[in-house]
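**Q** Below are the sequence and a predicted model; questions follow.
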2 protein chains.
Amino acid sequence: MQDRAGHIYRVAAEIMWRRGYAATSMNEIADAVGLTKAGIYHYIRGKEDLLFKIMSFAMDVVEEDVMGPARKVSEAEQRLRVIVERHVNRILEVGGAVTILLDEMSALTPSHQRTIRSRKRAYFDLVRTTLEQLASEGKLRDVDPTVATFCLFGMILWTSRWYRKDGEIKPQDALRSFSELALNAVLRSAAGGSQFPADTTTSTQKAIRTQ
Amino acid sequence: MQDRAGHIYRVAAEIMWRRGYAATSMNEIADAVGLTKAGIYHYIRGKEDLLFKIMSFAMDVVEEDVMGPARKVSEAEQRLRVIVERHVNRILEVGGAVTILLDEMSALTPSHQRTIRSRKRAYFDLVRTTLEQLASEGKLRDVDPTVATFCLFGMILWTSRWYRKDGEIKPQDALRSFSELALNAVLRSAAGGSQFPADTTTSTQKAIRTQ
DNA sequence: GTCTATAAACGGATAGAC
DNA sequence: GTCTATCCGTTTATAGAC
């Protein structure tokens, strides 16, 4: 709690992820942090800058924990597996606030929009390039690579909308099922070999949807 | 244009879909309709009710054009195909405003939230039941049916975020690729047989991402 | 039906005391 | 650093003229 600025960012990200940027007032954030509205302005520039910093942090996470490791894998199929499993793993662990960057682009200033869009595009291109590489190896299904890329992102990013840490689905089960679904969606025949330890549980579980 | 109330609903849905509910003001809607803010209050109760009516209409569309036809199909695999293809087809044709119902739940009154959530759950259960039926036939991959249902919804609903009517991807190509991806994600072996006419174009096309 | 005018509340942000 | 008080623009919504 000593890094109060960081604390404000985390709390704001959580609230904005649940209610949306526009529907979140600085008062709500201040209350959740335990300060007054004027008090948090000692740590932040303003509301838009708060959102930009949150989005930037989210892209930092993606670049360090997903894109970085993925680029070290030369084999396309394994690289795709790394991307899918590491990104979903991050969402399950860190929480959905990481994906607030998807929407809310229109709330940013044009300059900030360009910055974030550029970083998002680099991620998109990494995935699409991987799929095109798979296509040249005959491993991609008969689908448009761009459509396939969007579908993968849809599956991945949607995870933050329904997964609940306090739900009945264990993270390992969710990750294993998800990986199976996502890879088989695009690959003609997805081989095994997760980068994560094998999951030995066999229980079928259901989510509690609170949305 | 004679049904001015209906016109207001359509215009409001379009703007709210692009900017979000909270970020959309009644003034913007009024301007887009060609009236003053006070003018449109002659036709609507208020902002929240406007959102509720839009969401209700979206659920009407899903129930009539997707769930209705799907329930008439007894064979699980074909039923799933009908659900996927008809829902995506509606989004590509009608536009993304139909999916505004996904988010923005928190903007509704508790009573309205319950109403919409109940209808959404019925749709969710239809898909999950279909997947469980497939599991009993040995056609479902080794995945949690609930996770698979969420993944399907993620792919489908995400479509409205990236598909642009004025983009380079033709609706038929998008639909064919999408159907291939979604069905192979969950089915051990997806047979052919779209309910829509076969697509004979072979051109590879790329989307123009404006987001 | 549609407008102007305005009420009443809330938004982000700042000034200045302590 | 954190507060109270306040500025000022915007918001939803309504009153009442035409």
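**A** Perfect, thanks for sending it.
**Q** mean confidence for stretch A:77-95?
**A** Averaged across stretch A:77-95, the pLDDT comes to 96.
**Q** May I see the buried residues of it?
**A** Counting neighbours by 16 or more other Cβ atoms under 10 Å in any protein chain shown, one finds that the buried residues in stretch A:77-95 are A:77, A:79-92, A:95. To be clear about C-beta, it is placed using only N, CA and C from the backbone, and glycine gets the same treatment.
**Q** and it, how far from the chain's centre?
**A** 9 Å (Cα atoms, centre = their mean, to the nearest Å).
**Q** ok, residues contacting that stretch?
**A** By Cβ atoms under 8 Å, 6 or more residues apart in numbering or on different chains, the residues outside stretch A:77-95 that reach it are A:14, A:17, A:61-62, A:65-67, A:69-71, A:73, A:98-99, A:126-127, A:130-131, A:134, A:139, A:152, A:156, A:159-160, A:163, A:165, A:171, A:174-175, A:178-179, A:182-183, A:186-187, A:190-191, A:193-196.
**Q** Looking at the buried residues of stretch A:77-95, which two lie furthest apart in space?
**A** Based on Cβ to Cβ, the longest span within these runs between A:Glu77 and A:Gly95 and measures 29.1 Å.
**Q** Scan chain A for its longest helix.
**A** helix A:110-136 (DSSP state H).
**Q** What residue spans form the domains of chain A?
**A** Domain assignment of chain A by automatic domain parsing yields the ranges A:1-44, A:46-186.
**Q** picking that back up, please indicate which of the contacts of stretch A:77-95 are buried?
**A** A:14, A:17, A:61-62, A:65-67, A:70, A:73, A:98-99, A:126-127, A:130-131, A:134, A:139, A:152, A:156, A:159-160, A:163, A:174-175, A:178-179, A:182-183, A:186-187, A:190, A:194.
**Q** Run through these and flag the ones next to chain B.
**A** Cross-checking the buried ones among the contacts of stretch A:77-95 against chain B (Cβ under 8 Å from any Cβ of the partner chain) gives A:156, A:159, A:174, A:178, A:182, A:186 as the overlapping residues.
**Q** which ones are touching the residue nearest to the last one when sequence neighbours are not counted?
**A** Translated: A:Val186. Of all residues not flanking A:Val186 in the chain, A:Ala148 sits nearest, at 5.0 Å (Cβ to Cβ, 6 or more residues apart in numbering or on different chains). Applying Cβ under 8 Å, 6+ apart, we find A:Ala148 in contact with A:131, A:140-141, A:185-186, B:177, B:181.
**Q** any idea which element A:Ala148 lies in?
**A** helix A:145-162 (DSSP states H and E).
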